[in-house]
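can't give you the sequence, but here's the structure:
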């Protein structure tokens, strides 16, 4: 009997097959031989009797492991042969979300997985990759395709032996987040969305303020990928003029809707609503105190006597109340909101504060009033007494008063040479609130002193002068036998130099001006000195004048004749002397009480009346004498020689006569102007030392009147 057995596979080789999970695997096992062989299938070591005698086995792989051994045996009477198949299961990488996916949203056709991201929160997105025998790497990208996460750590275990790699990430922005395996065989998009919601609104009540009397009340809605719509209502009335804008914040659509309200005309309750969504917010609008005039003047620099308006008009809801305080002299009282200060004075300077309040708050407005008094010189030595007189060698005070506000005036002194001087300053507050500065300057020099107010052009000049004064004159003097006398007159003045002139009230006049000098004294004043010579008795006037403000001053000087002894000049006769002096002589009988002269001759020589008694026995000798001759030098006779010469005496009418002892037959009487000749006698003695010897050689007796 013929017996034959073929191998189960034409190649007769074992085979390892990798198969994807869920894919069928055909396993051929050819049934041949004589007699016909039987086929047996074994899975691992267990026979699959249900598969006996099948020549082609289709294996559906569903379990992942490291490999399954499938063997087929063929056998007949001739023997047996087998073929082994090693099947390795393979799972292709897949990605699945591991978060709870929400329903798709109406404004987008996207139907994948989505999660909601609450406002200002975070949400976790996660996915898992499954694969075998390879381990997948999972990558997460944000909406800008930027990688933000990666994971390669497998988790093995039930329900099968496949590898699972999970990746989760916390996100704070909406958008599409993409998971994919690194080999790009699998990907998953999770959409992070924002549900329609009012996320913010103006707090209620909304209070209008002075800084924002007109402001917007706002409602903010957030959504993604859809866009919210907001409407405003007051009661059942839909408001117009709403400003709505859309912003991209954290990837979401942020819709802002602003309704503008202003002051009390916008008071009430307002509602912002989301269209097609049952969400709304209510906002009440009120107003805190507000000033009506935001540009009201707050600082006033006003001159004395001006007016100031304090504008504190205001509004508010509920109604406001007004009160005043301050440091000025006329702080308003009551609930006035607009106040006028009229004819202001320095004491009105200060701050005025108005306070406005209601239940929403308090506002204040501070007004500063500064009443300015322009620096002004109100009084001075010049205003009080005019020019100030400075006595010689003295010191005088000049003063200057200045008024000003808001600061005391600074008084500066300068002299004629613009040199700065320092006065004694003091300040006081006057009844009207201004400052009065009193400055005193002590000076010992004439000139112009300028009182000025520092920093201004206000100034006043004060003249310190020397009033015209006759400071010295020659005392009443006697004219002796020299026939000449110097008279002096001295005067002081400033600012004009004194002018001195002379005149004779009586007498023959002034022979000449010897000097007329002017000097400047240490105090700056001028001293004028005039000296003249007179040659006759009489009254002479020194007349002094200066500026137009100084009255003319005069001083009289009386010049008299004094008793004088004249020496006899043997070279000149008395008659010649009389002729040279243009004198006239008369003779008259001498009375019995006029000594013992036989006759009297009178003559006027050099303005002096001379009476000479002549006796006949001595007439021839007398003619050889010259007495009181204008052109001849007179010598004062010493007292012990009074009897040796000719003696002249003068005396006022009210004085007793002056008598000379009787020394001879000649007598003479000399009288000054306006004097009466009495019984005084002039004697010339002819005896003693030879008669008539001249004493001109003795200088001790020279005298010049």
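Received, thanks. Computed from a predicted structure; not experimentally measured.

The stretch 351-500 of the chain: helices as residue ranges?
The residue ranges that make up the helices of the stretch 351-500 of the chain, judged by DSSP state H, counting those that start in this stretch, are 381-385.

which residues of it fall in strands?
Per DSSP state E, counting those that start in this stretch, the stretch 351-500 of the chain has strands spanning 361-380, 388-389, 396-405, 411-414, 420-421, 424-429, 435-443, 447-453, 459-473, 477-479, 485-494, 499-506. These are given in chain order.

so what strands line up beside the longest one?
Based on DSSP bridges, the strands next to strand 361-380 in the sheet, each with its direction, are strand 299-303 (parallel), strand 350-358 (antiparallel), strand 396-405 (antiparallel).

and residue 145, which of the strands of the stretch 351-500 of the chain is closest to it?
Across these, residue 145 has its closest neighbour in strand 361-380 (53.5 Å, Cβ to Cβ). C-beta coordinates here come from the backbone N, C-alpha and C atoms, glycine included.

how about that closest one: buried residues?
Of the residues in strand 361-380, those buried by neighbour count under the rule 16 or more other Cβ atoms under 10 Å are 363, 365, 367, 369-373, 375, 377, 380.

What is the nearest of those to residue 236?
Nearest member of those to residue 236, counting by Cβ to Cβ, is residue 363, at 35.8 Å.

Enumerate the beta-bridge partners assigned to the closest one.
Counting by DSSP bridges, residue 363 is bridged to residue 356.

returning to that earlier point: may I see the strands paired with strand 361-380 organised as a markdown table, with mean neighbour count and mean pLDDT added?
Below are these laid out as a markdown table (neighbours: other Cβ atoms under 10 Å; pLDDT from 0 to 100):
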| stretch | mean neighbour count | mean pLDDT |
| --- | --- | --- |
| strand 299-303 | 14 | 92 |
| strand 350-358 | 19 | 93 |
| strand 396-405 | 22 | 91 |
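
which one of these lies closest to residue 59?
Closest approach to residue 59 among those (Cβ to Cβ): strand 350-358, 91.1 Å.

Name the surrounding residues that touch that closest one.
288-289, 291, 310, 312, 314, 316-329, 331-332, 337, 339, 362-369 (Cβ atoms under 8 Å, 6 or more residues apart in numbering).

ok, the helix or strand hosting residue 41: who's next to it in the sheet?
For residue 41, the host element (DSSP states H and E) is strand 38-43. Here strand 38-43 has these sheet partners by DSSP bridges: strand 46-47 (antiparallel), strand 68-76 (antiparallel).

Looking at these, spot the one closest to residue 516.
strand 68-76 (161.0 Å).

and the closest one, average pLDDT?
In this model, strand 68-76 has a mean pLDDT of 86.

Now do the helix or strand just after it and strand 38-43, the angle between them.
Counting by DSSP H and E, the next helix or strand C-terminal to strand 68-76 is strand 79-97. Angle, strand 79-97 to strand 38-43, by axes from the mean of the first three to the mean of the last three Cα atoms, to 10 degrees: 40 degrees.

Pull up the pairing partners for strand 79-97, direction included.
Strand 79-97 has these partner strands in its sheet, going by DSSP bridges: strand 15-20 (parallel), strand 68-76 (antiparallel), strand 123-132 (antiparallel).

ok, residues contacting the first one?
Contact partners of strand 15-20, identified using Cβ under 8 Å, 6+ apart, comprise 9, 25, 61, 67, 83-92.

Mind doing that once more with 7 Å?
Under the contact criterion Cβ atoms under 7 Å, 6 or more residues apart in numbering, strand 15-20 has outside partners 25, 61, 85-90, 92.

Using ChimeraX, define a selection of the buried residues within those.
Buried members of those, defined by 16+ other Cβ under 10 Å, are picked up in ChimeraX with:
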select :25,61,85,87,88,89,90,92
